[in-house]
Structures are given as C-alpha cells and as structure tokens.
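K.L.:
sequence plus the predicted model coming up.
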Amino acid sequence: QYGKQFISSQISLPNASPTHVKVRLTVISEEEKCILVQVAIDQSPGLIQANNRLSETSTQNTQQLIHRIFEQSPIGIALINSKSGKILEVNDKFSAIIGRSPQALKHIDWMTIADPEDFEEDFRNMLKLSNNEISNYRLNKRYIKPDNTVVWVRMTVTSFMNNENKHTLHLCMIEDISELMKVEEALRESELNFRLLFENGPIAIVYNQLIYNEAHQPVDFMCVDANKTYKEYIGIDPIGHKASNMSITTKSNTQKWIKRFNRIASIGKPQRFQEHIEMNDRWYDCAVFQYKRDHFVAAFLEITKQKQTEIKLTESQNLYHSFVEHLPGAVFRKDKEGRYIFVNNKFCEVKGMKAEQIIGKTPRELSDYEKSINRERQKTEFKQSTLLEGEDHHNYIVRTGEYIENEELYIRPDGSKQYFQVVKSPVFGFDGKIIGSQGIQFDITDRKNAESALRDNNNRLTLAMHVANMAWWEMDISSGKIWFEKRKA
C-alpha cells in the first residue's frame with residue numbers, strides 16, 4: 001500500500017549498547033519495489049529512561065568483566081599513581097610475585113621494593129611516559145621480597161588516566177622471569193667459560209665453512225673463527241681468509257680437508273685422527289665435527305713429544321723383537337696374572353705350537369694341552385722351601401722381585417728327553433712396580449748328554465782300574481804338586 005509508516009525498534013550497533021530508535025519506512029516505487037528507510041534515535045522520555053537503564057546494566061557488566069580479568073590474569077597487574085609512586089590496586093598474581101599482601105603493597109611505593117640498581121632506567125622511562133614522549137615501555141628489573149631474596153620480572157608500563165580522580169595513573173604489568181634469568185645467566189657463564197677455554201686453552205680450534213662453485217661442488221673453505229692457540233700454530237690470523245689463499249696450505253691439502261668434511265657430513269659422525277704437519281714438522285691429535293650444514297669445527301692437540309716417544313718405543317720394540325727372534329734361546333714374557341703376552345719363534349718351536357695358540361694362555365692351560373699330545377715337562381727342584389703352598393715360579397717372582405735360574409726337562413712324544421737351562425726375572429713398569437715376568441731358556445740337551453757320557457766313561461775307567469788293581473796320579477808341573485788316587489794314597 002502507498003503511504004508512510006513509523007515503527008519503534010531496538011537495535012544493537014558495533015561497540016555500543018542496545019539503542020531505541022524510530023524507523024520511518026516510505027514506499028517510493030511499487031514497480032521498483034523501493035522503500036526509503038529513515039532511522040532516528042527515539043527521544044521520548046520513556047525510551048530515554050529505558051536507554052539509561054540499559055546503559056547502567058551494560059556498565060555494570062563491563063565493570064564485572066574487567067574485575068574478573070584483573071583478578072584472574074596470569075600476569076601481575078598493579079595500578080600506580082605516577083606522581084607519588086603509590087600502589088593503588090594490585091591483583092593476586094602481582095602480590096604473589098612480589099611476595100607481599102595486597103594490603104601491605106597499598107601502604108608503600110614501588111621504589112621501596114625495587115632494586116636500587118634498576119632505578120635509573122626506570123626513572124628515565126617514567127619521565128618520558130609523563131611527558132607523553134612514549135605511551136608505554138618494557139624492561140627487565142628486580143624486586144626485593146621481604147626475605148631479601150630477589151625476583152626478576154619482565155615489566156610493561158602503560159599510561160592510564162582516571163578522569164574521576166583527576167590523577168595521572170599508570171598500569172604496571174609483570175611476569176616472573178626468575179627461572180628464565182637463571183637459565184640465561186647459566187648460558188652467559190657457559191659462553192664465557194667456553195670463550196675463555198676457546199681462547200686460552202692448549203687445544204687449537206678453528207671454525208671453517210665450505211665454499212661451493214656454481215655446480216654446487218665444494219671447492220674451498222673459509223675460516224670463520226679461530227682461537228689464539230691455532231693462530232700461534234700456523235703463524236697467521238686466518239679469520240676471513242680462504243684456505244686456497246693462505247700460503248701455509250697447498251691445493252692437495254685443501255682438497256684433503258674438503259674430502260674429510262664431506263665424509264663427516266655424509267656419515268653424520270665426528271672423526272678423530274693423527275696428522276703430521278710438514279710445515280712445522282709437528283704431530284697433532286685431530287678431532288673434526290659438523291656444527292651445522294657446511295660448517296665444521298676442527299680441534300688440534302699437539303702430540304709431537306708423545307709421537308716421538310711412541311716412535312722411539314716402536315723402534316725399541318722392533319729392535320727387541322729382532323734381537324730375541326735371532327737368539328738361540330726360547331724367550332717369553334707374561335703379564336702380572338701369568339698369561340703369555342709375547343713368545344719368540346724358538347719358544348713356539350719348543351712348545352710345538354703357534355704363537356696364537358700360546359698368547360693369552362697360562363702355563364697351566366698350556367700344560368693341559370701338552371699332556372693331550374703326550375708331552376710332559378718336569379721342573380728340577382728350586383728352593384722349594386722358599387715357595388708358598390701352591391705357588392709357582394711366576395707368582396714367586398711377582399711376590400719377591402727375585403730372579404730364578406734352574407733346569408727343566410721335557411719328555412718328547414717319542415720318549416726322548418730334552419733339557420733346558422731357564423732364567424726367569426721380573427718385568428718392571430715405568431713406575432718401578434712389577435708388571436709381570438720374563439724368561440729365556442736354552443737347549444742344553446747336548447751338554448747334558450755329553451756330561452752323562454763323560455760320567456759313564458769315568459765310571460767305566462774307574463771300574464777297569466779297580467779290576468786291574470791300578471791307580472793314577474796327577475802332577476802340576478808349575479808347582480810340583482802331586483795328587484794320588486785316594487785308594488792308593
């Protein structure tokens with residue numbers, strides 16, 4: 001229908017409380033079905049009273065919401081008078097962090113509980129805030145609890161105007177970062193200790209980064225960092241320089257290190273090796289690991305003296321082995337527990353076994369083996385009164401540090417006898433303590449057989465002279481002394 005119509009309605013606008021309005025609808029064109037809508041705030045007394053009641057209800061709801069947020073906030077919040085520094089309101093979280101009750105906080109100012117070392121920065125920022133140079137600021141500071149312990153907080157301060165009291169206020173929001181500060185302090189201390197060790201330690205350390213060509217192939221590497229010891233080792237400061245541009249490196253040496261870096265990156269594990277640097281004729285114990293992609297740390301500990309000692313020891317051992325292998329005697333060495341740790345070829349020949357069958361075994365274990373192949377060893381008596389019950393020669397030597405010399409008899413599988421003259425002695429370590437025993441045994445079978453034959457001949461001669469009723473005499477020409485057989489003397 002053509003005409004005009006007025007209606008009253010309640011609408012809700014964004015960021016506003018519900019409002020009563022009058023709406024005027026006017027049909028402009030029936031064909032086009034167009035309506036003109038005119039909206040005006042309803043100013044009737046009844047509606048104004050209704051709006052006021054709605055506004056009061058909305059304000060109360062908002063205040064309750066703000067109060068809940070204030071009290072239940074996970075951070076500490078305080079309302080502070082910017083001019084006097086007096087604390088006006090605090091929530092429970094603020095009170096818990098500072099370690100004082102809300103009532104106690106309202107009777108003091110923030111300077112009373114703040115660490116004096118933080119005053120200067122805080123005052124400077126508050127002055128800027130009061131002069132409207134900034135609207136807020138943030139800093140880390142310390143508060144002193146009643147028990148004199150310190151709590152670190154991250155504080156955010158923003159200006160706040162309370163029109164009712166006509167005072168300039170500010171909101172102070174804090175969160176406890178004491179544990180974080182402890183971690184950061186530990187990290188700083190760790191970094192300081194690392195830097196001190198890095199710069200002043202005896203280990204040379206260098207930090208390198210691989211350099212690639214357009215085909216993404218590693219062709220060089222650059223020193224990112226190096227400590228003082230490394231610089232002293234190579235005689236220059238390599239930081240910021242490519243390996244290929246340093247006079248101390250060769251192309252082959254650069255490629256060798258690139259290959260090492262690639263291998264470490266591919267296997268994902270550090271590598272440790274010893275290397276001789278021809279430039280300064282020194283030996284180094286090297287350890288290399290990947291810090292991150294294309295970045296590698298290499299540590300060098302000089303071991304020149306140790307290496308020279310090892311070389312001399314190796315030469316000495318080789319000389320010793322060469323010497324004992326060409327001796328006519330069988331040589332052996334045992335550890336403190338009596339296990340064989342070295343035998344020469346002659347010893348293996350005497351035992352009829354290979355070295356790998358002997359090394360690591362005790363004489364008792366070898367004795368069991370020898371019995372299994374019908375071989376038997378008999379020891380001549382040696383100071384049995386000096387041996388403890390169940391004690392063998394090795395244990396005696398280890399206990400007393402004395403050497404032993406005796407003869408031993410081996411019964412061969414064919415029943416023949418083989419005699420050995422054996423000398424055994426202690427082995428001393430670098431600290432002078434006994435660490436084992438060693439011995440050498442010489443085959444004296446021919447000598448023993450000759451002595452036996454000589455005794456047999458003497459016995460036959462003596463028997464023959466007795467049967468013939470003959471005697472013998474002997475004269476020393478130089479002295480003129482004469483000895484006669486006692487039987488005829």
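P.N.:
Everything's here; your move.
K.L.:
for Leu192, which residues are in contact?
P.N.:
Contact partners of Leu192, counting by Cβ atoms under 8 Å, 6 or more residues apart in numbering, are absent. Placement of C-beta: from N, CA and C, glycine included.
K.L.:
could you say which helix or strand contains it?
P.N.:
Here Leu192, judged by DSSP states H and E, is contained in helix 178-200.
K.L.:
please list all residues in contact with Leu319.
P.N.:
Leu319 touches nothing, counting by Cβ under 8 Å, 6+ apart.
K.L.:
revised request: answer the last question for Leu327.
P.N.:
Here Leu327 is in contact with Asn344, Lys346, Ile440 (criterion: Cβ under 8 Å, 6+ apart).
K.L.:
same question for Leu139.
P.N.:
Leu139 makes contact with Asp118, Glu121, Asp122, Asn125, Arg154, Met155, according to Cβ under 8 Å, 6+ apart.
K.L.:
can we see that at 6 Å?
P.N.:
Residues in contact with Leu139 (Cβ atoms under 6 Å, 6 or more residues apart in numbering) are Met155.
K.L.:
shouldn't it be within a strand?
P.N.:
Yes: using DSSP: H, G, I helix; E, B strand; the rest coil, the assignment for Leu139 is a strand.
K.L.:
and the gap between it and Ile174?
P.N.:
11 Å (Cβ to Cβ, to the nearest Å).
K.L.:
so what sits against both of these two?
P.N.:
By Cβ under 6 Å, 6+ apart, the residues touching both Leu139 and Ile174 are Met155.
K.L.:
which non-adjacent residue is nearest Pro328?
P.N.:
Among residues not flanking Pro328 along the chain, Phe442 sits closest, at 6.6 Å (Cβ to Cβ, 6 or more residues apart in numbering).
K.L.:
that neighbour sits in which helix or strand?
P.N.:
Residue-wise, Phe442 maps onto strand 434-443 under DSSP H and E.
K.L.:
same question, Met155
P.N.:
With DSSP H and E as the criterion, Met155 is inside strand 150-162.
K.L.:
what number of residues lie near the spatially closest residue to Ala265 that is not a sequence neighbour?
P.N.:
In space, and not counting its chain neighbours, Ala265 is closest to Gln290: 5.6 Å by Cβ to Cβ, 6+ apart. Residues lying near Gln290 (other Cβ atoms under 10 Å) number 18.
K.L.:
hmm, Gln290 is touching Arg263, no?
P.N.:
No: the pair Gln290 / Arg263 is not scored as a contact, 10.4 Å apart, by Cβ atoms under 6 Å.
K.L.:
so what's the closest residue to Phe94 other than its chain neighbours up against?
P.N.:
Among residues not flanking Phe94 along the chain, Gly76 sits closest, at 3.1 Å (Cβ to Cβ, 6+ apart). Shown in contact with Gly76 (Cβ under 6 Å, 6+ apart): Lys93, Phe94, Ile97, Ile174.
K.L.:
now with 10 Å?
P.N.:
Shown in contact with Gly76 (Cβ atoms under 10 Å, 6 or more residues apart in numbering): 90-98, 143, 153, 155, 172-176.
K.L.:
report the buried members of these.
P.N.:
Among these, those classed as buried by 16 or more other Cβ atoms under 10 Å are 90-91, 93-95, 97-98, 143, 153, 155, 172-174, 176.
K.L.:
would you mind giving the residues you listed as JSON lines with secondary structure and pLDDT added?
P.N.:
JSON lines is the format used below for the buried ones among the contacts of Gly76 (DSSP: H, G, I helix; E, B strand; the rest coil; pLDDT from 0 to 100):
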{"residue": "Val90", "secondary structure": "strand", "pLDDT": "89"}
{"residue": "Asn91", "secondary structure": "coil", "pLDDT": "90"}
{"residue": "Lys93", "secondary structure": "helix", "pLDDT": "91"}
{"residue": "Phe94", "secondary structure": "helix", "pLDDT": "91"}
{"residue": "Ser95", "secondary structure": "helix", "pLDDT": "91"}
{"residue": "Ile97", "secondary structure": "helix", "pLDDT": "92"}
{"residue": "Ile98", "secondary structure": "helix", "pLDDT": "90"}
{"residue": "Tyr143", "secondary structure": "strand", "pLDDT": "92"}
{"residue": "Val153", "secondary structure": "strand", "pLDDT": "94"}
{"residue": "Met155", "secondary structure": "strand", "pLDDT": "92"}
{"residue": "Cys172", "secondary structure": "strand", "pLDDT": "89"}
{"residue": "Met173", "secondary structure": "strand", "pLDDT": "90"}
{"residue": "Ile174", "secondary structure": "strand", "pLDDT": "91"}
{"residue": "Asp176", "secondary structure": "strand", "pLDDT": "93"}
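K.L.:
could you dump these to JSON lines with distance to Asn457?
P.N.:
Below are the buried ones among the contacts of Gly76 laid out as JSON lines (distance: Cβ to Cβ, whole Å):
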{"residue": "Val90", "distance to Asn457": "123"}
{"residue": "Asn91", "distance to Asn457": "122"}
{"residue": "Lys93", "distance to Asn457": "117"}
{"residue": "Phe94", "distance to Asn457": "119"}
{"residue": "Ser95", "distance to Asn457": "119"}
{"residue": "Ile97", "distance to Asn457": "113"}
{"residue": "Ile98", "distance to Asn457": "116"}
{"residue": "Tyr143", "distance to Asn457": "113"}
{"residue": "Val153", "distance to Asn457": "112"}
{"residue": "Met155", "distance to Asn457": "116"}
{"residue": "Cys172", "distance to Asn457": "122"}
{"residue": "Met173", "distance to Asn457": "120"}
{"residue": "Ile174", "distance to Asn457": "116"}
{"residue": "Asp176", "distance to Asn457": "109"}
